[in-house]
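# Here is a sequence together with a model predicted from it:
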Amino acid sequence: MRVRTGGGSIKAAAEERLRASVSPLLHAHGGDVRILSISQDGVVTVEFCGACVGCPLRPVTLALLVEPRLKTLDGVTGVDGGTRISAAAARRLAEVHARSFARGGSDVPTSGGGRSRETA
Amino acid sequence: MLQGNFVFDCVIHAYDMSEANLLDRADAAPSRASILGLGEATRAPGSGDYPTFARKWADRDLWEMVFGRSDTDLAMAQTVPIFDWFKDGFAPVRAQHDFARAHPDHVLFCGGVDPSYHGAGILDEMERQVKDLHARSFKFYNAHVDGKTWRCDDEKVAYPMYERARTLGIKVLQFHKGIPFGTQNMEDLRPNDLQRAARDFPDLTFIIHHLALPYFDECISIAARFRNIHLALSGSLGFYYLRKKEFFMQMGRLLQEVGSDKLLWGSEAALMGCPQPYLELLWNLEIPSDLQEDYGFPQITREDKRKILGANFARLMDVEVPAAAAGRDPCG
């Protein structure tokens, strides 16, 4: 389900979404994420902070948590988390997220497996 | 230029492994042999057709190897302050400076000091190397025999050197990590002691050479987490010819976890021979599809290669990339 931003800015809505449903989870690991910019075509660029910096599981966090939460907002077309994985890994993440949502394991719909920059 | 890309080699050495430079001690020749053996084991085919590498490299020979026979545009001649077995050090200050002075448009001088050798005069020597010899960076080698090892996060030994470097306007400090020469304690060359140093000197950039092998996992984690720590691929491409899959694994992890913005091309000439085979290897490098599938490694792009070949080190050293390279289409 798409969530309307209610006439407010996409950035404000995205920041609120992260604050409410992403940061608390990352804080449990000593990490966090913040918005760096939003492009004209709706791609949100985020930066991981704290213990998330350098964590090898950032692509998973991006694909299974951050991007699904943000992509349900009106106007958000993608999320760039500064991570790079192969197309094969992105596909696997998309599949596991889709299965999780189908079983009710997530409160947001499938997003496409994260927007780690893919080069394959 | 390599395919229109600026090539800035972050580490070459006008080293002196001649008999005349060996100290009169039992472990000097075996230690030299271990350094030579590393080169022989990993040198690219066609890169090292020289009669011997147990020698002192003269200006003309090194120039021909690095600039005459390869696409290298600019290189940093690095002092290696290992005095355990060499009278004047493995790669002496004077030889690096002479090479840079002879080719000012192509070679930058990197100084080097060590507390065990320079003693109480070490800070004055740093100042001399910067003010008189125009050092642009410093190289450190903290592991030694005879109890002379020091830690890179030692407030009394290491930090005064960093502070003096900062005062002298030096922004980039470089460290040999991993790949011990001779019989030094392996663990003294773990990169872990650079973490606190990087925290305490956030305005300085710390470069880890040789991927700290065999401490690769630590090296990856540290470089991924510390904004001011970069990795030099010094000599690492030679492992392609010996352990190809392991080399691909290393490159895949570097791209995925550290990122190409923090990787620096370094040939380790003269020990590793002519840089050209390695440059061509890097330019033609592709992460194999099975590793992309199994490990999620991203494919390496031409933009990655442009950064690694020279753009990253140029940024760190405040060197302007020639317009012909800076203006090229990175996807072209």
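That came in fine, so what should we check first?
# CA only for contacts and neighbour counts going forward, please
OK.
# Give me the local confidence score for B:A41.
Note for B:A41: predicted pLDDT of 87.
# Quick check: closest non-adjacent residue to it.
Of all residues not flanking B:A41 in the chain, B:L242 sits nearest, at 7.6 Å (C-alpha to C-alpha, 6 or more residues apart in numbering or on different chains).
# Let me know whether that neighbour touches B:T42 as I believe.
Yes: between B:L242 and B:T42 there is a contact at 6.3 Å, judged by C-alpha atoms under 8 Å.
# Compare those two (neighbour count), which wins?
B:T42 (18 against 14; other C-alpha atoms under 10 Å in any protein chain shown).
# what about that one, distance to B:D24?
Noted for B:T42: a distance of 29 Å to B:D24, by C-alpha to C-alpha, to the nearest Å.
# where exactly do the helices run in chain B?
Assigned by DSSP state H, the helices in chain B fall at B:28-42, B:59-63, B:93-102, B:115-118, B:122-131, B:159-167, B:194-200, B:216-225, B:244-253, B:276-284, B:289-295, B:302-306, B:312-316, B:323-326.
# As CSV, these with distance to B:Y15 would be great.
Below are those laid out as CSV (distance: least, C-alpha to C-alpha, whole Å):
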stretch, distance to B:Y15
helix B:28-42, 11
helix B:59-63, 10
helix B:93-102, 8
helix B:115-118, 18
helix B:122-131, 18
helix B:159-167, 24
helix B:194-200, 26
helix B:216-225, 26
helix B:244-253, 26
helix B:276-284, 19
helix B:289-295, 37
helix B:302-306, 28
helix B:312-316, 22
helix B:323-326, 31
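# among the ones you listed, which is nearest A:L36?
Nearest to A:L36, of all these, is helix B:216-225, at 18.4 Å by C-alpha to C-alpha.
# can you list the residues that contact the closest one?
For helix B:216-225, the surrounding residues in contact (C-alpha atoms under 8 Å, 6 or more residues apart in numbering or on different chains) are A:53-55, B:191-192, B:195, B:208, B:211-212, B:229-231, B:253-254, B:257-259.
# Could you list the low-pLDDT ranges of the stretch 201-332 of chain B?
B:326-332 (pLDDT under 70).
# can you tell me which residues contact the residue nearest to B:A28 when sequence neighbours are not counted?
Nearest residue to B:A28, sequence neighbours excluded (C-alpha to C-alpha, 6+ apart): B:W85, at 4.7 Å. Counting by C-alpha under 8 Å, 6+ apart, B:W85 makes contact with B:22-23, B:25, B:27-29, B:31-32.
# In the residues you listed, find the pair that's most separated.
B:R25 and B:R32 (11.8 Å).
# Looking at these two, which is more packed in?
Taking neighbours as other C-alpha under 10 Å, B:R25 and B:R32 compare with B:R32 leading, 20 against 10.
# Output the below-cut-off pLDDT ranges for chain A.
Across chain A (using pLDDT under 70), the flagged ranges come out as A:1-8, A:101-120.
# For the stretch 51-200 of chain B, just list every one of the strands.
Per DSSP state E, counting those that start in this stretch, the stretch 51-200 of chain B carries strands over the ranges B:74-78, B:107-112, B:137-140, B:172-176.
# Run the angle between the last one and helix B:159-167 for me.
So that's strand B:172-176. On the basis of axes from the mean of the first three to the mean of the last three C-alpha atoms, to 10 degrees, strand B:172-176 is oriented at 140 degrees to helix B:159-167.
# do the longest one as well
Calculated by the same axes, to 10 degrees, strand B:107-112 forms an angle of 150 degrees with helix B:159-167.
# and strand B:107-112, which strands flank it?
Strand B:107-112 has its sheet partners listed here by DSSP bridges as strand B:74-78 (parallel), strand B:137-140 (parallel).
# mind listing the strands for chain A?
Assigned by DSSP state E, the strands in chain A fall at A:31-38, A:43-50, A:78-80.
# so does the second one get close to chain B?
No: counting by C-alpha under 8 Å from any C-alpha of the partner chain, no contacts exist between strand A:43-50 and chain B, the nearest distance being 9.1 Å.
# Paired strands for that strand, with orientation please.
According to DSSP bridges, strand A:43-50 has these partners: strand A:31-38 (antiparallel), strand A:78-80 (parallel).
# Could you check how far the first one is from the centre of its chain?
Between the mean C-alpha location of strand A:31-38 and the chain-wide mean there is a distance of 10 Å, by C-alpha atoms, centre = their mean, to the nearest Å.
# what does stretch B:113-132 give?
20 Å.
# and that stretch, what's its mean pLDDT?
97.
# circling back to that earlier point, need the strands paired with strand B:107-112 in TSV with mean pLDDT, distance to B:F8 and mean neighbour count, can you?
Listed next are the strands paired with strand B:107-112 as TSV, based on pLDDT from 0 to 100; distance: least, C-alpha to C-alpha, whole Å; neighbours: other C-alpha atoms under 10 Å in any protein chain shown:
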stretch	mean pLDDT	distance to B:F8	mean neighbour count
strand B:74-78	98	5	26
strand B:137-140	98	15	23
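# Give me the pLDDT value at the closest residue to B:M1 other than its chain neighbours.
Distances taken as C-alpha to C-alpha, 6+ apart put B:D71 closest to B:M1, at 5.3 Å, once the chain neighbours are dropped. Model confidence at B:D71, given as pLDDT, is 97.
# Show the pLDDT at B:A58.
82.
# distance of it from B:Y15?
Distance, B:A58 to B:Y15, by C-alpha to C-alpha: 9 Å.
# Between these two, tell me which one has more neighbours.
Shown here are B:A58 and B:Y15; by other C-alpha under 10 Å, B:Y15 has more neighbours (27 against 14).
# Tell me what the closest residue to that one other than its chain neighbours is bridged to.
In space, and not counting its chain neighbours, B:Y15 is closest to B:A91: 4.0 Å by C-alpha to C-alpha, 6+ apart. Beta bridges link B:A91 to B:V80, judged by DSSP bridges.
# Roughly how far does B:A91 sit from B:K139?
From B:A91 over to B:K139 (counting by C-alpha to C-alpha), the distance is 11 Å.
# Report the set of residues contacting both of these two.
B:78-81.
# Sort out which one of these lies nearest B:E155 for me.
Taking these together and measuring to B:E155 by C-alpha to C-alpha, the closest member is B:P81, at 20.1 Å.
# contacting residues for that closest one?
Contacts of B:P81 by C-alpha under 8 Å, 6+ apart are B:89-92, B:112-114, B:139-141.
# Ok, B:K139 next?
Contacts of B:K139 by C-alpha under 8 Å, 6+ apart are B:78-81, B:110-113, B:173-176.
# Show me what it is bridged to.
Here B:K139 sits in beta bridges with B:G112, B:Q174, as judged by DSSP bridges.
# Also B:I229?
B:F206.
# Pretty sure it sits against B:F206.
Yes: at 4.8 Å, B:I229 counts as touching B:F206 under the criterion of C-alpha under 8 Å.
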